[in-house]
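Engineer: below is the sequence, then the predicted model.
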Amino acid sequence: MDHKIISTAVGSLPHQDIQLALELVRGTFAEAPFWPQLPKRDFREGMYIQYSEGLPGAVLDLEKQRLYFSMEATFSLPGKNLWMRSCRMIWTRSR
């Protein structure tokens, strides 16, 4: 029985040019292409930026191109009381 192995990838490429990145993906991973992240092109394409969306307290500062977590932002979210009770429970158990 013959088995055919194909490759794909996940993650970032060091390109700034979208066309060059897509050509590399299509040429190298033609049977199972992937959607590359290009963080050198735009910091919002970085893994941490993309996967932090929706996390309590996550603040994206576009001007300074940084991501940070703010307790003030967390407290202004709907359901903040439940989130705070959960944090207190975890904090109390860890001490």
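Structural biologist: Perfect, I can see it now. Numbers count the residues shown, from 1 in each chain.
Engineer: from here on, just use CA atoms for contacts and neighbour counts.
Structural biologist: OK.
Engineer: what separation do you get for the closest residue in space to Ser70 that isn't next to it in sequence and Phe69?
Structural biologist: Distances taken as CA to CA, 6 or more residues apart in numbering put Gly57 closest to Ser70, at 4.9 Å, once the chain neighbours are dropped. Per CA to CA, to the nearest Å, Gly57 is found 5 Å from Phe69.
Engineer: the residue nearest to Ser70: neighbour count?
Structural biologist: 18 (other CA atoms under 10 Å).
Engineer: now swap in Leu67 and tell me
Structural biologist: When neighbours are defined as other CA under 10 Å, Leu67 has 16 of them.
Engineer: that one belongs to a strand, doesn't it?
Structural biologist: Yes - counting by DSSP: H, G, I helix; E, B strand; the rest coil, Leu67 is part of a strand.
Engineer: for it, name its beta-bridge partners.
Structural biologist: On the basis of DSSP bridges, Leu67 is bridged to Leu60.
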